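[1] Sequence first, then the predicted structure, then my questions.
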Amino acid sequence: MQGTLPFRSMDKGASRRNAAARDCGSVGEISIGNSSRVNYLDREVVDEQGHQDNATTGRQFLAVVKLSKQSRRPVAWNAGHDDALRVMLVATYNINNINRRLPNLLSWLGARRPDVACLQELKCLDRDLPAAALAQAGYCAVRLGQRTWNGVAILARGTEPVLTRTALPGDDADQQSRYIEAAVAGVLIACIYAPNGNPQPGPKFDYKLAWLDRLQRHATRLRKSGAPVVLAGDFNVAPTELDIYPTKSWDDDALVQPESRAAFRKLVGRSWTDALRALHPEERVYTFWDYKRNRWARDAGLRLDHLLLTPDLSERLVAAGVDRDIRGLDGASDHAPAWIELRLRERV
């Protein structure tokens, strides 16, 4: 079927930010050096007088990311032929209501066994996240819940994510739960649920473009920190005509507008690698099939879910795919999980 990727068998605001939940351990401060502290939530570096030290932010933040490697080693790490290397599987999945889709999610987690899974559209408050079921499946989680269409989480198998941020900077008035960030075993993972933007034009589309601009500026800061970073999630942009089935029916949709695509191109720039497209440059790769108009059966899909890599990780990219069969299950989300495999060095 058109759009199929190689697929291994499934058998094989400050107060708001401080309210973010985590299911393994506690969030707090650690000391690095004699005169500074790193706050896991805000990624701020503060000197003895209480002033932010922008000159050292990158170094201190990188220290936090490296510190995450001291957590208990994930059971998922598989030694390669070279004992100094390990394989890390990172996935993103817009679950479209975690409680309603929990059986599908647990089945996929058990079969694919991602080391890290970024989830979007939880559609539940923190207290309603099925933490016990996820823990039984072997996953610790940091999450930022919200009703309606929002809510994001990062799951890590057999290890504890180090929470670093729970809001996209640049707009303190933005109360939508769309961004969470954590370090997992030496890699910084950002879980993203960008605004849909419809109807356009209008305030929702303006918010989408402003949000993507904020993401681009924050992503640049992350890249310049020197940390290995994965930006994973539902970006709500089909970047090119190759990322949507041949049709005119979406021409007025915010997902394919020139402004949306320009914002995604600016984000990727020359420094980030679009992992799926890098390994499948000419294929029609889809991650989303709308429930309406029989679009799944017709393979009328779009690629909205992306994994972007910093240059150091792009050199370690060995595989990428979409578990599209998950979309065909009973009670499925309208998205399918996308994933990458990175072959990483054991020590920084």
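    On my side now, so go ahead. Computed from a predicted structure; not experimentally measured.

[2] wait, L85 sits on L344?
    Yes. With the criterion set as Cβ atoms under 8 Å, L85 and L344 qualify as a contacting pair; they are 6.7 Å apart. (Glycine included, C-beta is placed from N, CA and C.)

[3] So the two - more neighbours on which side?
    A direct count of neighbours by other Cβ atoms under 10 Å for L85 and L344 places L344 higher, at 20 against 16.

[4] can you give me the helices for the stretch 151-300 of the chain?
    With DSSP state H, counting those that start in this stretch as the criterion, the stretch 151-300 of the chain has helices at 203-224, 258-268, 275-279.

[5] Which one, of those, ends up nearest to C124?
    With distances scored as Cβ to Cβ, the stretch of the helices of the stretch 151-300 of the chain nearest to C124 is helix 203-224 (21.8 Å).

[6] Next, the buried residues of that closest one.
    Of the residues in helix 203-224, 205, 207-209, 211-212, 214-216, 218-219, 222-223 count as buried by neighbour count, 16 or more other Cβ atoms under 10 Å.

[7] Please apply the same query to stretch 322-338.
    Residues of stretch 322-338 classed as buried: 322-324, 326-327, 332-338 (neighbour count, 16+ other Cβ under 10 Å).

[8] outside of it, which residues touch it?
    3-5, 7, 10, 91-97, 100-101, 103-104, 108, 112, 114, 117, 121, 234, 276, 285-291, 296, 304-307, 320-321, 339 (Cβ atoms under 8 Å, 6 or more residues apart in numbering).

[9] and with 7 Å instead?
    The list of residues contacting stretch 322-338 from outside it, by Cβ atoms under 7 Å, 6 or more residues apart in numbering, reads 4-5, 7, 10, 91-96, 101, 104, 108, 112, 234, 276, 285, 287-291, 296, 305, 307, 339.

[10] Pull out the buried residues from those residues.
    Buried members of those, scored by 16+ other Cβ under 10 Å, are 5, 91-96, 101, 104, 108, 112, 234, 276, 285, 287-289, 296, 305, 307, 339.

[11] Tell me how far stretch 296-305 lies from the chain's centre.
    Here the centre of mass of C-alpha atoms in stretch 296-305, compared against the chain's by Cα atoms, centre = their mean, to the nearest Å, lies 20 Å away.

[12] Over to stretch 272-287?
    Averaging C-alpha coordinates over stretch 272-287 and over its chain gives two centres that are 16 Å apart (Cα atoms, centre = their mean).

[13] ends of it, how far apart?
    Stretch 272-287 stretches 20 Å from its first residue to its last (Cα to Cα, to the nearest Å).

[14] now do stretch 243-261
    Here stretch 243-261 reaches across 11 Å from its first residue to its last, counting by Cα to Cα.

[15] Stretch 132-152 now?
    Taking Cα to Cα, the first and last residues of stretch 132-152 lie 17 Å apart.

[16] Now that stretch: buried residues?
    For stretch 132-152, the buried set under the neighbour-count rule, 16+ other Cβ under 10 Å, comprises 133-134, 137-146, 149-152.

[17] Repeat that for stretch 112-128.
    Neighbour-count burial for stretch 112-128, with 16+ other Cβ under 10 Å as criterion, is recorded at 112-124, 126.

[18] Among those residues, which lie within helices?
    Secondary structure assignment (DSSP state H) places R112 from the buried residues of stretch 112-128 within helices.

[19] residue ranges with poor pLDDT in this structure?
    Confidence mapping of the chain against pLDDT under 70 gives the ranges 1-61, 63-64, 67, 69-84, 346-348.

[20] show me where the stretch 101-250 of the chain has strands.
    Using DSSP state E, counting those that start in this stretch, the strands found in the stretch 101-250 of the chain span residues 116-120, 139-144, 152-157, 162-165, 179-184, 187-193, 229-234.

[21] and the longest one, what does it pack onto?
    The reference is to strand 187-193. Under the contact criterion of 3 or more Cβ pairs under 7 Å, 6 or more residues apart in numbering; DSSP states H and E, the helices and strands touching strand 187-193 comprise strand 116-120, strand 152-157, strand 179-184, strand 229-234.

[22] between these, which gets nearest to P258?
    Counting by Cβ to Cβ, P258 lies closest to strand 229-234 out of these; the figure is 20.2 Å.

[23] which residues touch the closest one?
    Contact with strand 229-234 is made by 90, 92, 94, 118, 120, 187-194, 219, 222-223, 304-305, 307-310, 313, 335, as judged by Cβ under 7 Å, 6+ apart.

[24] Can you list the strands that that strand pairs with?
    Sheet pairing here is set by DSSP bridges, and for strand 229-234 it gives strand 187-193 (parallel), strand 305-309 (antiparallel).

[25] Would you mind writing the CA trace of the longest one as PDB?
    Extracted C-alpha coordinates of strand 187-193, given in PDB (Å, rounded to 0.1, in the frame of the first residue of the first chain):
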ATOM      1  CA  VAL A 187      19.400  12.800  25.600                       C
ATOM      2  CA  LEU A 188      17.100  15.700  25.900                       C
ATOM      3  CA  ILE A 189      13.500  14.900  24.700                       C
ATOM      4  CA  ALA A 190      11.000  17.600  23.900                       C
ATOM      5  CA  CYS A 191       7.400  16.400  23.400                       C
ATOM      6  CA  ILE A 192       5.400  18.800  21.300                       C
ATOM      7  CA  TYR A 193       1.700  19.300  20.500                       C
END
